[in-house]
Structures are given as C-alpha cells and as structure tokens.
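Trainee: With the input below, show me the fold.
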Amino acid sequence: MREILRLKESQPILQSVHKDLLHVIQSGFIDWLKLREYSNSFDGGPVNYKPRTKAGMIHDLIEKYVRTQFSDQEGIVVDDFNGVFGMVLQDSLFIRFKKMDSTYSVRSLYTN
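Mentor: Model prediction:
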C-alpha cells in the first residue's frame with residue numbers, strides 16, 4: 001500500500017512542475033472562455049451551459065494540456081488510473097484533476 005504524503009513532504013516533488021501545472025490549468029480555463037464566447041456568437045443567443053457540462057469541458061481541456069506538457073518528461077506518468085485521469089510524479093505523488101465549484105469545493109457526484 002502506498003503512503004500518503006503530507007504537504008510538506010510533497011512540496012519538493014511538486015517544485016519541479018509547479019509553474020507548468022499552473023500554466024496547463026490556466027490554459028485549459030482560457031480555452032473554455034474562448035469556446036464559450038464563440039458558441040455564444042451563434043444565432044439564437046447565448047448557450048446556458050449546465051455546471052456539469054462546463055466542468056467536463058474545462059477538465060477535458062486541462063487534460064489535453066497536461067498530456068502535451070508532461071507525457072514525455074522523465075519521472076512523470078500521465079494516464080487514466082482506474083478510470084481517473086492524473087499524473088504520477090517520481091513514482092511517489094499522484095496528482096488528480098478534480099472538478100470544483102465556485103467555492104473551490106469538490107463534488108463526488110458522477111457527472112457522465
């Protein structure tokens with residue numbers, strides 16, 4: 001069984017990818033804003049996306065950037081692990097990209 005690392009223990013591992021992680025998350029969100037703006041320009045007015053649709057699209061866009069940025073880096077594995085997309089750093093830290101609401105709370109509701 002794997003050990004759960006405390007924040008202090010995980011920080012040295014995260015340091016090497018921190019800036020790139022921020023960049024891929026921001027890039028995915030920026031792409032979502034561009035897609036939303038574009039789709040709202042169609043005839044018939046703006047689209048009222050459901051929260052699960054927004055979350056799914058942002059998650060998929062972030063996944064695209066994560067796979068592009070990190071897949072070829074040594075010591076990093078990017079994949080679906082038991083149906084959960086994430087990345088493993090140095091075989092000791094798993095990063096999962098979880099959807100959050102406006103209060104930064106995660107939900108454990110199935111969204112498919």
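Trainee: alpha carbons only for contacts and neighbour counts from here, please
Mentor: OK.
Trainee: pLDDT wise, what is T111 at?
Mentor: What the model reports as pLDDT for T111 is 52.
Trainee: can you give me the strands for this protein?
Mentor: With DSSP state E as the criterion, the chain has strands at 76-81, 84-89, 93-96.
Trainee: Of all the ones you listed, which one is nearest F42?
Mentor: Nearest to F42 among those is strand 84-89; the distance by CA to CA comes to 32.2 Å.
Trainee: In contact with the closest residue to D60 other than its chain neighbours, which residues?
Mentor: Sequence neighbours aside, G28 is the residue nearest to D60 in space, at 8.0 Å (criterion: CA to CA, 6 or more residues apart in numbering). With CA atoms under 8 Å, 6 or more residues apart in numbering as the criterion, the residues that contact G28 are 58-65.
Trainee: got the strands of the chain as a markdown table, with mean pLDDT and mean neighbour count columns?
Mentor: Conversion of the strands of the chain to a markdown table gives the following (pLDDT from 0 to 100; neighbours: other CA atoms under 10 Å):
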| stretch | mean pLDDT | mean neighbour count |
| --- | --- | --- |
| strand 76-81 | 96 | 16 |
| strand 84-89 | 94 | 17 |
| strand 93-96 | 92 | 15 |
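Trainee: before we move on, back to that, who wins on neighbours among the contacts of G28?
Mentor: Ranked by neighbour count under the definition other CA atoms under 10 Å, the contacts of G28 are headed by I62 with 24 neighbours.
Trainee: just checking, that one touches L22?
Mentor: No - with contact defined as CA atoms under 8 Å, I62 and L22 do not form a contacting pair (10.3 Å).
Trainee: follow-up on the earlier one: and the strands of the chain as CSV, adding distance to Q11?
Mentor: Written out in CSV, the entries for the strands of the chain read as follows (distance: least, CA to CA, whole Å):
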stretch, distance to Q11
strand 76-81, 16
strand 84-89, 12
strand 93-96, 10
